[in-house]
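J.: sequence and computational prediction follow.
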Amino acid sequence: MKEQLLAIKEKALDSIENCTDIKECDAIRITFLGKKGQLTAILKQMGRLSAEERPVIGQMANEIRTEIEKTLVEKQGRLKLVQIEKKLEEEAVDVTVSLKEHKLGKAHPLTQTINEISAIFAGMGYTVVDGPEIDTVARVFDLLNAEENHPSRDPSDTFYIDDNTLLRTQTSSVQIRVMQEQKPPIAIISPGRVYRRDEVDATHSPIFHQCEGLVVDKGLTFGDLKGTLIYFAKQYYGEDMELRFRPHHFPFTEPSCEIDCQCFKCHGKGCPTCKGEGWIEILGAGMVHPNVLRNCGIDPEIYSGFAFGMGIERLTMFKHEIEDMRLLYENNLRFLSQF
Ligand code: PHE
């Protein structure tokens with residue numbers, strides 16, 4: 001019986017030694033120590049032993065049981081550790097790994113221009129207002145004092161929706177909206193999209209952007225207009241930017257002028273960029289026509305005002321030396337990301 005016990009012990013310790021799985025440990029326990037296990041089977045035969053032998057074998061059997069049990073528990077502990085380590089390794093997150101860089105987008109150059117203009121005028125106390133791109137013939141032409149036969153009224157120049165509604169050809173329609181709704185003093189700019197039946201080329205597009213400005217108050221003069229626009233141009237293009245005011249005609253302003261910037265390439269000498277002129281037109285402006293004030297219920301005997309309008313594309317192209325307007329609409333990232 002002693003040999004049998006020692007053989008069981010050896011087999012049990014061997015299986016524990018070679019076991020690699022926690023579940024297997026449970027199976028070993030059942031095989032050797034369970035109710036129907038090998039050690040129990042031996043103990044059941046103890047009755048056949050002599051009275052002297054019984055306590056000796058009994059003690060030996062107990063010692064073997066304890067040893068197997070102890071070895072099993074230790075093994076289980078070790079296997080559990082291995083299991084945890086493996087799991088930690090599998091689930092590890094490498095915080096030092098560098099992830100793919102996410103590039104932040106930026107505003108389109110035309111939007112940048114609108115934002116810069118808005119910031120400069122906001123600094124002078126102007127409010128930025130929005131106007132609808134579809135407006136009435138009254139607001140785009142009639143109330144702005146446009147002559148009955150003004151060429152811009154012609155359907156060959158303008159997109160009509162019906163006889164009274166059209167895609168605005170100029171943001172000047174916002175002048176009317178503001179003066180109809182607000183009492184002076186007024187100081188607004190209104191950037192936005194306008195539409196004209198032009199063929200697409202390097203300097204034309206049927207859809208482009210303008211920014212209108214309007215100031216109405218008591219005692220405003222042409223001097224206020226000049227001072228404002230000179231300040232704006234120096235803020236936008238730089239302190240050394242020179243402006244040239246030329247007489248012009250607009251139905252809604254009297255007197256009216258066009259304003260040129262000194263050419264950025266030749267500084268006034270004349271070059272291909274400015275077509276030999278030395279100057280590039282960037283603004284239309286003038287003192288608000290008394291008829292326009294009257295049309296909007298403002299008394300021209302008490303109030304005066306000035307208005308101006310500029311092309312956003314033109315300002316952007318001039319500032320960034322872009323020679324073809326179409327580049328601004330093609331959404332080519334290689335072009336756009338330069339600005
Ligand atoms: N609306 C004019 C244009 O489209 C520009 C302008 C605005 C001129 C305001 C004078 C005053 O050309």
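T.: Looks like it came in fine.
J.: can you give me the end-to-end span of stretch 318-327?
T.: One end of stretch 318-327 sits 14 Å from the other (CA to CA, to the nearest Å).
J.: could you do stretch 308-327 as well?
T.: End-to-end span of stretch 308-327 (CA to CA): 26 Å.
J.: now check it, is it near the ligand?
T.: Yes. Among the residues of stretch 308-327, 308-309 lie within reach of the ligand under CB under 6 Å from any ligand atom. Every C-beta, even on glycine, is put in place using the N, C-alpha and C of the backbone.
J.: okay, stretch 10-22 in CSV with CA atoms only?
T.: Provided in CSV are the C-alpha atoms of stretch 10-22 (Å, rounded to 0.1, in the frame of the first residue of the first chain):
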residue,chain,number,x,y,z
GLU,A,10,4.5,10.9,-7.9
LYS,A,11,1.9,10.7,-10.6
ALA,A,12,-0.1,13.6,-9.1
LEU,A,13,2.9,15.9,-8.6
ASP,A,14,4.0,15.0,-12.2
SER,A,15,0.6,16.0,-13.6
ILE,A,16,0.6,19.2,-11.6
GLU,A,17,4.1,20.0,-12.9
ASN,A,18,3.2,19.5,-16.5
CYS,A,19,-0.2,21.2,-16.3
THR,A,20,-0.5,24.5,-18.2
ASP,A,21,-4.1,25.4,-17.6
ILE,A,22,-6.1,26.4,-14.5
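J.: for the stretch 101-250 of the chain, which segments count as helices?
T.: Per DSSP state H, counting those that start in this stretch, the stretch 101-250 of the chain carries helices over the ranges 109-123, 137-140, 173-181, 222-237.
J.: same for the third one, what does it pack against?
T.: Read it as helix 173-181. Contact here means 3 or more CB pairs under 8 Å, 6 or more residues apart in numbering; DSSP states H and E; on that basis helix 173-181 packs against helix 137-140, strand 186-195, strand 207-217, helix 290-295.
J.: now swap in the longest one and tell me
T.: Taking 3+ CB pairs under 8 Å, 6+ apart as contact, the helices and strands that helix 222-237 lies on are helix 109-123, strand 207-217, strand 243-250, strand 253-262, strand 279-288, strand 304-311, helix 312-320.
J.: quick one: it near the ligand?
T.: No. Using CB under 6 Å from any ligand atom as the criterion, no contacts between helix 222-237 and the ligand are found, and the smallest distance is 9.6 Å.
J.: mind listing what's buried along that helix?
T.: 224-226, 228-229, 232-233, 235-237 (16 or more other CB atoms under 10 Å).
J.: residue 50: which of the helices of the stretch 101-250 of the chain is closest?
T.: With distances scored as CB to CB, the stretch of the helices of the stretch 101-250 of the chain nearest to residue 50 is helix 109-123 (105.9 Å).
J.: can you check what angle separates the closest one from strand 186-195?
T.: Between the axes of helix 109-123 and strand 186-195, defined by axes from the mean of the first three to the mean of the last three CA atoms, to 10 degrees, the angle is 170 degrees.
J.: avg pLDDT for helix 109-123?
T.: When the per-residue pLDDT values of helix 109-123 are averaged, the result is 97.
J.: report the buried residues of it.
T.: Residues of helix 109-123 classed as buried: 109-110, 112-114, 117-118, 120-121 (neighbour count, 16+ other CB under 10 Å).
J.: returning to what we had before: I'd like to know which of the buried residues of helix 222-237 is nearest to the ligand.
T.: residue 225 (9.6 Å; CB to the nearest ligand atom).
J.: find the nearest non-adjacent residue to that closest one, please.
T.: Across the structure, with CB to CB, 6 or more residues apart in numbering as the measure, the residue nearest residue 225 apart from its sequence neighbours is residue 306 (3.9 Å).
J.: so what's the one you found up against?
T.: Residue 306 makes contact with 214-215, 220, 222, 224-225, 228, 253, 285-288 under the criterion CB atoms under 8 Å, 6 or more residues apart in numbering.
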